[in-house]
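S.K.: turn this into a structure:
(one chain, ligands or ions: 1)
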Amino acid sequence: MDEPTLISSQNSRKNVIKTIVGVIFTTLGLFLLISFVSYCLNYQNDQSQLSNFWDREIVAENVMGKIGAYLGELFIYHGIGITAFFLPIFFILFGLKILFGFKKIKPFKLFYNCLFFLIWLPILLGFATKIGILHGVMGYEVNDFMNMLIGKIGMGILLFVSLILYIVINWKITPDKISASLEKRSQGLKDEESEEIESAEPISKNNKEEEDLLAKFNEEVSQQKGNKPDIFDDLVLDTPKKTIQSIELTPDTSHDYSNSSDELGTQKKTTSIKTQETLVETLPAKDEHDVALTIEKAPEEDTVEKIAADLVQKHGEYDHRLDLPKYKFPTLDLLRKYETGDNVTVNQQELERNKNKIVETLANYGIGISQIKATIGPTVTLYEIVPEAGVRISKIKNLEDDIALSLSALGIRIIAPIPGKGTIGIEVPNSNPTMVSMRSVIASNKFQQAKMDLPIAFGKTIENETFVADLSKMPHLLMAGATGQGKSVGLNAIIASLLYKKHPTELKFVMVDPKKVELTLYSKIERHYLAKLPDSEDAIITDNTKVIHTLNSLCIEMDDRYELLKNAFVRNIKEYNEKFKQRKLNPEHGHRYLPYIVLIVDEFADLIMTAGKEVETPIARLAQLARAVGIHLIIATQRPSVNVITGIIKANFPARVAFRVTSKIDSRTILDSSGADQLIGKGDMLFTTGNELVRLQCAFVDTPEVDDITEYIGSQAGYPDAFLLPEYVGEDGGSALDIDLSERDSLFEDAARVIVLAQQGSASLLQRKLKLGYNRAGRLIDQLEAAGVVGPFEGSKARQVLIQDEMSLEQLLNNLNQN
Ligand SMILES: Nc1ncnc2c1ncn2[C@@H]1O[C@H](COP(=O)(O)OP(=O)(O)OP(=O)(O)O)[C@@H](O)[C@H]1O
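M.R.: Presented below is the predicted three-dimensional model:
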């Protein structure tokens, strides 16, 4: 017989023997079980029958006959009482294990675990009852004997203590553990732990070690419970949570998946990738019974935020100032100190004289004064009066001219009452006004530390405090004043303030100067601060048609900026630039750092007279919409009449500056109230942002100072050219038909398809779809017009698309290519 045959025949013999032994034990178990049950029911009758064991006439009532009754008598009555039921159960389990090889059934382990109870339980039953079959002879005798030795109470104590000791030894339960587990329960950890059990399940399937650990754990629990582990599988769910925690949840990457299916292969890939990127944290074991818990956190997904954070970590935040890294801000010494000094001189005699005159004049009209206080400003002194009780304010207001006449002073302004103070103010010009130098306001703490986007140091208030306002909040400014009252100086002060605070990368000016002489000085800073149309030579615009183009171009810039803001999911230029600095916006998608643009128009009246609606419409549009995208307008005019400052313009310029005007009507046009007509000129001004009026002395900056500043900036390295505004092709622009179609843009065909598919002839569509700048999109539109794809320019409307479908377009493109 060869070897394999020998082995197989040996195996089959073993199996036969196993089956026989298995059947014998199971049968024996069943026999005993039935006998015991029947004995318990009939033992009183059967006990007497057993003495005549071999007498056939005498029949036992036990269903298993006299043997059954005998076995019951032996194990139950003379043995260990009903505890003897353990015996048939043990035999049945043992038999079944041999027959079917149930791995989970471990009868000997069960026997070992139950040994204590096989002794203890009959004694307990003997202690507690006097029913023979419950405790058996053993239970009775032990109790009898022990009673003699230690008494009934002693016996009770002994039973209780022995049970406690068994529990402590077998389950290792100590008072510490009990209190710890009670604490845990009170902390409501129960739910978490059951989750842990759930999460442990699927992982354990893939992990041999975990399976073993789980098996060990189950075994341990079963041992502790003193039950058969296999029968009480469910016990896993009741396991103390701490033990579950001890299972390491790390996926085992050392598994060999090479023979597994594709699916498993992918699983392997993902598992290994995860392991590389996951963050592993280990909670150390609390004591020697605990096992460390390893926690894996899933890796963060790549988000825009994360990419941006990585970029910022690598390169730092985007610094727009690096465009001109060596640029130096103009220094203070470029501004002149004036001989008069910046300190307001107080002429006591003048103060006394004016006070007496005010009191006298008012007394002449029957107005009593209870208190008077003077605040000396650079140009005017404010006398604050508290009238006696019962005096009507309107009475004082009506006497304005009479008081002015009595004081024989020009430019008296009566504020009745001073908002928020409850007093009446009379502003009287000083006989020796003090000039407010630009230097003093620029050097002031208020300006230097101003946390504003576009800070403007206008000058000084009546309290001699530097007045700084934020242009970005205004958001547009209207300036008016009769000729020679300080408008141009005011504009220079505004520009100088911005030049002292903003870097060339942060701010651009668009300057419109129909008078041709006021702003020419600034041409020196063209490459740093000025913006212009691509085709124009001078950055400072003096030609009215160019103004129209520039304004429309600014509208296009505004639309472009809105598109960028929309794509960046931000609401204003500040948020946009912040996002750009944090590298969250991709320059490849057209994003760029957006400088503020300030449009300055020196003589607006002249523009409106010559260009009318053509100027008014884009100005109104910009005024209405451009604030969020960082385009701000400053418009100055000599003639603040209603046909210059129209309703639509006025409505969109809440911030106004009024220098002295010639009539009350002009004052009302510019300020919606009188007051500007009573100013004394030379930079005396009123400023409002829609609420109260503030009287200011405008800072004085002379032409040589402006010259020095622009020279200082202009001599530094700047951009190669001025900031280029988007191209604007007006109705009178060059005809698209002049274009040479043999030099078509490389994106010409793509652009044509985009236009025909969308049936919309607009440059902004091309900009969006093909991610182009405005200029290139505009050129493409011109070429498309020349090729007959779109119609001519139609103002604000999109051009008409002349090709209706793709087929016709392909034909047209083929023809073009053949020519
Ligand atoms: N803030 C000021 N402080 C002192 N003097 C001033 C101030 N502003 C203007 N002046 C004086 O007023 C004169 C005229 O000022 P400015 O040139 O600004 O007037 P304007 O309103 O622009 O006149 P126009 O509209 O005719 O150009 C200046 O030459 C200067 O002497």
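S.K.: so which residue of the stretch 601-750 of the chain comes closest to the ligand?
M.R.: Gly683 (2.2 Å; Cβ to the nearest ligand atom). Just so you know, the C-beta spots here come from the backbone N, C-alpha and C atoms, and that holds for glycine as well.
S.K.: helices along the stretch 51-200 of the chain, start to end?
M.R.: Secondary structure of the stretch 51-200 of the chain (DSSP state H, counting those that start in this stretch): helices at 65-72, 86-100, 107-128, 132-171, 175-186, 190-205.
S.K.: pick the most buried one from the ones you listed.
M.R.: helix 65-72 (a mean of 21; mean count of other Cβ atoms under 10 Å).
S.K.: that one: how far from the chain's middle?
M.R.: Offset of helix 65-72 from its chain centre (Cα atoms, centre = their mean, to the nearest Å): 84 Å.
S.K.: follow-up on the earlier one: my guess is the residue of the stretch 601-750 of the chain closest to the ligand contacts Arg695, does it?
M.R.: No: taking contacts as Cβ atoms under 8 Å, Gly683 lies outside contact range of Arg695: 11.4 Å.
S.K.: look at these two and report which has more neighbours.
M.R.: Per other Cβ atoms under 10 Å, whichever of Gly683 and Arg695 has more neighbours is Gly683, with 27 against 21.
S.K.: OK, contacts around that one?
M.R.: Taking Cβ atoms under 8 Å, 6 or more residues apart in numbering, we find Gly683 in contact with Thr379, Val436, Gly459, Gln485, Gly486, Val489, Gly490, Phe659, Gln697, Cys698, Ala699, Phe700.
S.K.: then Lys524?
M.R.: Listed by Cβ under 8 Å, 6+ apart, the contact set of Lys524 reads Thr710, Glu711, Ile713, Gly714.
S.K.: give me that answer again for 7 Å
M.R.: Thr710, Glu711, Gly714 (Cβ atoms under 7 Å, 6 or more residues apart in numbering).
S.K.: buried subset of the contacts of Gly683, written for ChimeraX?
M.R.: Only the buried entries of the contacts of Gly683 go into this ChimeraX selection, using 16 or more other Cβ atoms under 10 Å:
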select :379,436,459,485,486,489,490,659,697,698,699,700
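S.K.: grab the longest helix from the protein for me.
M.R.: Secondary structure of the chain per DSSP state H: the longest helix is helix 3-49.
S.K.: quick one: list the elements packing against that one.
M.R.: In terms of contacts (3 or more Cβ pairs under 7 Å, 6 or more residues apart in numbering; DSSP states H and E), helix 3-49 is packed against helix 65-72, helix 86-100.
S.K.: how close does Ala620 get to Leu671?
M.R.: As judged by Cβ to Cβ, to the nearest Å, Ala620 and Leu671 stand 20 Å apart.
S.K.: the nearest residue to Ile385 once chain neighbours are set aside: how many residues sit nearby?
M.R.: Counting by Cβ to Cβ, 6 or more residues apart in numbering, Ile424 is the residue found nearest to Ile385 once chain neighbours are left out, at 4.7 Å. By other Cβ under 10 Å, 23 other residues sit near Ile424.
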